[in-house]
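> Next input, structure requested:
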Amino acid sequence: MKAPVTTTDTPAATAAVTDPVSSTSSSIQAQDVSFADFGVRPEIVAALADAGITHPFPIQAMTLPVAMSGHDIIGQAKTGTGKTLGFGVPLLNRVVAPGEEGYDQLVGPGKPQAVVVVPTRELAVQVANDLATASAKRSVRIVQVYGGRAYEPQIEALRTGVDVVVGTPGRMIDLLNQGHLTLLRANTVVLDEADEMLDLGFLPDVEKILAQTPAQRHTMLFSATMPGAVVSMARRYMKQPTHIRAAEPDDEGATVKNTKQVVYRAHALDKVEVLARILQADGRGRTIVFARTKRTAAKVSDDLRERGFAAGAIHGDLGQGAREQALRAFRNAKIDVLVATDVAARGIDVEDVTHVVNYQCPEDERTYLHRIGRTGRAGNSGTAVTFVDWDDMPRWSLIDRTLALGLPEPVETYSTSPHLYTDLSIPAGTKGRLPRSEQRLAGLDAEELEDLGETGKRTTRSAPPRTGGGRAPRTGSHSTAADGGRSPSREGDRPASSTRAESPGGDGDGDAARRRSRSRRRTRGGRPGENGPATTEA
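Take a look at the predicted model:
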């Protein structure tokens, strides 16, 4: 094992540095230091300071000494602990930007010097934005490549010249196969949220990408959990990696200690009512509501808007433009409720998310951790509420037992249950609709819907907004279906070309044109009748 860089003791946080192949380990402590103390470029330190970032979080403090020296790293920390800058700062420190000393001496200047592979589009955007923040005082060219956007702008950016590529496996493979992307000069490779890439079935694509990079490279793998398949990949593609695990000294559980976790056994027909009351709790800020299915996410978002809440949705049936519109509206405080499927559980790194609501019980403990990790980030406190249906009790029991949450029997809860109000600081008398006097946010439509030249989508026709009662219009139906996904199933969302006239009083000629007579020969016992006449069926 390569010797880790040790630091002095401090109560801030601890980390274990371990060779995943051997059983040896040692404890080291994070220092209360600045990024400058690790030999980071002054321009990066200044750019982070301008963004209000001066002291590294525990995982960053543990990672920087090892990564800056060029050792391969497996970084493991709970979701929301700041892993992005843990690999982003060392990566940018090694990149030589145009106009800087040594750029003209590069072999193949303009080809990517570093590549970051992430599982989801939202995470690609977040990582690229963080890297752009850290390199604001340099001319580093960072390009995002992911599906749902047109190929041409990405191809043009790669042709013009790029220093860092951040993207999802599928689009990277496409661009590699087309010859537009080359990673032969990518001396730094980062695999972020590797466990999520495993869950989504991306590991074969990740291995193809790694095979296109130089044999002598600096590889960093970051993950909240370490399944066996991820460890096996690390063994194959990394050289004596240093395994860094960061945790607070008094936070040895699987979840972040400053996230309050509440679990209710709720009835399916009452969950929206319960949710509407939770969204009116004292101190409730930005909130993410997670659903297992696209249909549920769309329905919950629509229901909340009808009840007066400023809500938006992110799910696979939306085009990339609509997904980014909702996320921008959430970041820019145009809406304060975001309803998402698990595809968006990674990459939503928004400050001050005070509540996460699992509207549908997560599939497993990793999904639960990823969902509730959207709150209680970077030292802030948060609240995570989980609804468990009666049919979900076996699944929840397994999650509870695996994570040692101590919540094996969720209390039966309805929208009128007194303990709901006291548990979550909901004012007495709160109903299932947001009072008009409290409807202050601009809403989803206040954020521009960009035309991204999206690929693999069907355009759907907008349903007319509802304006009765002063409620916010239902805006979910204006979005587009991406990547071959089906559009929402409401009648108003069907394309005009596929809408059939079903009224019995319709145009006679039109109805006749839609009918096609076909011959059907009468049979007896499955055999053609000897003299049975042919009949027609309208």
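
> what about residue 127, neighbour count?
27 (other Cβ atoms under 10 Å). Backbone N, C-alpha and C define where each C-beta goes, glycine included.

> any idea which helix or strand comes after the host helix or strand of it?
Using DSSP states H and E, residue 127 sits in helix 121-134. Once the chain leaves helix 121-134, the next helix or strand it forms, by DSSP H and E, is strand 142-145.

> And what about residue 221, helix, strand or coil?
strand (DSSP: H, G, I helix; E, B strand; the rest coil).

> these two touch, right, it and residue 76?
No - judged on Cβ atoms under 8 Å, residue 221 makes no contact with residue 76 at a distance of 9.1 Å.

> Please list the outside residues in contact with the helix holding residue 127.
The contact list for helix 121-134, computed with Cβ atoms under 8 Å, 6 or more residues apart in numbering, reads 44, 47-48, 51, 84-85, 88-89, 91-92, 116, 118, 140, 142-148, 164, 166-168, 192-193, 314, 320, 323-324, 327, 344, 346-349.

> Using ChimeraX, define a selection of the buried residues within those.
In ChimeraX, this line selects whichever of those come out buried by 16 or more other Cβ atoms under 10 Å:
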select :44,47,48,84,85,88,89,91,92,116,118,140,142,143,144,145,146,147,148,164,166,167,168,192,193,314,320,323,324,327,344,346,347,348,349
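
> Residue ranges of each domain in this protein, please.
14-247, 259-493 (automatic domain parsing).

> Could you take these and lay them out as a markdown table, with extra columns for mean pLDDT?
Below are those laid out as a markdown table (pLDDT from 0 to 100):
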| stretch | mean pLDDT |
| --- | --- |
| domain 14-247 | 88 |
| domain 259-493 | 83 |
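
> Distance from the chain centre to the helix holding residue 127, please.
Relative to its chain's centre, helix 121-134 lies at 12 Å (Cα atoms, centre = their mean, to the nearest Å).

> Now it - C-alpha only, CSV.
The C-alpha trace of helix 121-134 is given here as CSV (Å, rounded to 0.1, in the frame of the first residue of the first chain):
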residue,chain,number,x,y,z
ARG,A,121,-27.5,14.0,-16.2
GLU,A,122,-28.3,16.1,-13.2
LEU,A,123,-25.1,15.0,-11.5
ALA,A,124,-23.1,15.9,-14.6
VAL,A,125,-24.5,19.4,-14.5
GLN,A,126,-23.7,19.8,-10.8
VAL,A,127,-20.2,18.4,-11.1
ALA,A,128,-19.4,20.6,-14.1
ASN,A,129,-20.7,23.7,-12.3
ASP,A,130,-18.6,22.9,-9.2
LEU,A,131,-15.5,22.5,-11.4
ALA,A,132,-16.3,25.8,-13.2
THR,A,133,-16.6,27.6,-9.8
ALA,A,134,-13.2,26.3,-8.7
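
> Correct me if wrong: residue 188 contacts residue 112.
No - applying Cβ under 8 Å, one finds residue 188 not in contact with residue 112, separated by 9.4 Å.

> Just the ones of the contacts of helix 121-134 in helices?
Among the contacts of helix 121-134, the members found in helices (DSSP state H) are 44, 47-48, 84-85, 88-89, 91-92, 320, 323-324, 327.

> All the strands of the stretch 351-500 of the chain, residue numbers only.
Taking DSSP state E, counting those that start in this stretch as the criterion, the stretch 351-500 of the chain carries its strands at 353-358, 382-388, 411-413.

> could these go into CSV alongside mean neighbour count and distance to residue 338?
Shown next, in CSV, are those (neighbours: other Cβ atoms under 10 Å; distance: least, Cβ to Cβ, whole Å):
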stretch, mean neighbour count, distance to residue 338
strand 353-358, 23, 9
strand 382-388, 25, 14
strand 411-413, 16, 23
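
> So which of those strands is nearest residue 263?
strand 382-388 (4.6 Å; Cβ to Cβ).

> what's the distance between that closest one and the middle of its chain?
With Cα atoms, centre = their mean, you get 18 Å for strand 382-388.

> What lies in contact with that strand?
Counting by Cβ under 8 Å, 6+ apart, residues outside strand 382-388 touching it are 256, 258-266, 271, 274, 278, 353-362, 368, 371-372, 375-376, 396, 410, 424.

> Is there a quick PyMOL command that grabs whichever of those residues are buried?
Buried residues within the contacts of strand 382-388, by 16+ other Cβ under 10 Å, are selected in PyMOL with:
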select buried, resi 256+259+261+262+263+264+265+266+271+274+278+353+354+355+356+357+358+359+360+361+362+368+371+372+375+376+396+410+424
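
> quick one: which of the contacts of strand 382-388 sit in helices?
Going by DSSP H, the helices hold 271, 274, 278, 368, 371-372, 396 from these.

> so can I have TSV of the residues you listed showing distance to residue 62?
As requested, the ones in helices among the contacts of strand 382-388 are exported to TSV (distance: Cβ to Cβ, whole Å):
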residue	distance to residue 62
271	41
274	41
278	36
368	25
371	25
372	23
396	33
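
> of those residues, closest to residue 228?
Taking the ones in helices among the contacts of strand 382-388 together and measuring to residue 228 by Cβ to Cβ, the closest member is residue 368, at 19.6 Å.

> Test my guess that that closest one contacts residue 358.
Yes - between residue 368 and residue 358 a contact is recorded at 7.3 Å, counting by Cβ under 8 Å.

> For residue 290, give me its contacts.
Taking Cβ under 8 Å, 6+ apart as the test, what residue 290 contacts is 339-342, 345, 356-360, 362, 371.

> can you check residue 425 too?
Taking Cβ under 8 Å, 6+ apart, we find residue 425 in contact with 281-283.

> Where strands are concerned, which of those count?
Among the contacts of residue 425, none falls in strands (DSSP state E).

> Is there a quick PyMOL command that grabs whichever of those are buried?
Buried residues among these (16+ other Cβ under 10 Å), as a PyMOL selection:
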select buried, resi 281
